[in-house]
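# just the structure for this:
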Amino acid sequence: MTKELFIKDIMAKPTTISKSAKITEALDKMLDEGIDPLIALNNTSVVGTVSREAIAEKLGSKQNTALAPAAIHVASVIEEDFTSVYPDESMNVLIPLLQRYKLVVVYDSDHNLIGQVTAIDLLKKYQHEGSIKGAIERAVTIDAEERVVHLRRRMLDDAISRFVVTSNDKITGIVTETDVAVAMRKFRETVKDQHQDHRIRNLLVRDIMSAPLISLDIGTDYHELVDLMVAKNISTVPITDKGKLVGLVTRRSLVQAL
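Numbers count the residues shown, from 1 in each chain. Sure thing, here's the model as predicted:
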């Protein structure tokens, strides 16, 4: 008989950021600790979350070109994209919650913040056997020579957070909201305001993409995939069948398939 697991058995230490902190500090913390999103606090109270996607959108907006990235505060990118549970609840309550939210906050009986659960915390503990076929989602591609301004527009207009990058019909990398956030921060810190509108048009997808690409075969075991995501600290893995790209598996798509 499998031992029942509770939220206290799988929750992680909460990773927080003050709403008065700079978004550059928040981005550094997310990258250093492999966390997305962070829990945003006002003193000790949870007021929302801050994500890499929200930071990428903020740094890429023309309305903020006059502001240095270090002058923008977390309060301007906070989203109320979370829900909460208690440590003695069954782990099974997390599945529908994480199918809706990126982050679940854990409170004690006095409503003090004591933990958090993300998709990867659940996936590491969930007893699932078999392949990953049910979690594959459509892969959207973009050419390596495409301009980053067009990439951002597609991300915003079509609500796409990641693209597989191709060059001469060959897969060369992947580009996500994380790559955009990092690139926009670097661009804004190094290019003066009066030159940004012109220079941003010369920035290409190949300049900011992550490469080489880590992919797995469609027959890969569920736990092998999760172990890879944990070991490499990645959230997206392209899936191939006889060398041909057939889709993507993400932490979110794995939870959706449970």
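
# now do the helices in the protein.
7-10, 23-33, 52-60, 94-98, 119-125, 148-158, 177-190, 193-199, 205-208, 222-232, 251-256 (DSSP state H).

# residue ranges with poor pLDDT in the stretch 151-258 of the chain?
Scanning the stretch 151-258 of the chain for pLDDT under 70 picks out 193-198.

# for the helices of the chain, which one ends up most surrounded?
Comparing the helices of the chain by mean neighbour count (mean count of other Cβ atoms under 10 Å), helix 52-60 ranks first with a mean of 23. Every residue, glycine included, has its C-beta placed from N, CA and C.

# name the residues that touch that helix?
23, 26-27, 30, 36-37, 64, 69, 72, 76-77, 79, 152, 156, 161, 177-178, 180-181, 184-185, 188 (Cβ atoms under 8 Å, 6 or more residues apart in numbering).

# tilt between it and helix 177-190?
For helix 52-60 against helix 177-190, the angle between stretch directions is 30 degrees (axes from the mean of the first three to the mean of the last three Cα atoms, to 10 degrees).

# ok now helix 52-60, how far from the chain's centre?
On the basis of Cα atoms, centre = their mean, to the nearest Å, helix 52-60 is displaced by 12 Å from the centre of the chain it belongs to.

# tell me the average confidence for that helix?
The average pLDDT for helix 52-60 rounds to 90.

# cool, stretch 74-91 as well?
pLDDT averaged over stretch 74-91 gives 94.

# that one: end-to-end distance?
Using Cα to Cα, to the nearest Å, one end of stretch 74-91 lies 31 Å from the other.

# before we move on, the earlier item: can I get the helices of the chain in CSV with distance to Val46?
Shown next, in CSV, are those (distance: least, Cβ to Cβ, whole Å):
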stretch, distance to Val46
helix 7-10, 16
helix 23-33, 15
helix 52-60, 16
helix 94-98, 15
helix 119-125, 17
helix 148-158, 27
helix 177-190, 22
helix 193-199, 35
helix 205-208, 32
helix 222-232, 26
helix 251-256, 22
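
# to Thr44, which of the ones you listed lies closest?
When the helices of the chain are compared for distance to Thr44 using Cβ to Cβ, the nearest one is helix 23-33, at 17.7 Å.

# residues making contact with the closest one?
By Cβ under 8 Å, 6+ apart, helix 23-33 touches 15, 17, 35-38, 50, 52, 55, 58-59, 69-70, 72-74, 76-77, 178, 181-182, 185.

# and if we set it to 10 Å?
15-19, 21-22, 35-38, 40, 50-52, 54-56, 58-59, 68-77, 178, 181-182, 184-185, 188-189, 233 (Cβ atoms under 10 Å, 6 or more residues apart in numbering).

# with just CA atoms, put it into CSV.
What follows is helix 23-33, C-alpha atoms only, in CSV (Å, rounded to 0.1, in the frame of the first residue of the first chain):
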residue,chain,number,x,y,z
ILE,A,23,12.8,43.9,-10.6
THR,A,24,16.5,43.3,-11.4
GLU,A,25,16.9,41.8,-7.9
ALA,A,26,13.8,39.6,-8.5
LEU,A,27,15.1,38.4,-11.8
ASP,A,28,18.6,37.6,-10.4
LYS,A,29,16.9,35.6,-7.6
MET,A,30,14.8,33.6,-9.9
LEU,A,31,17.7,32.7,-12.1
ASP,A,32,20.1,31.9,-9.2
GLU,A,33,17.5,29.7,-7.4
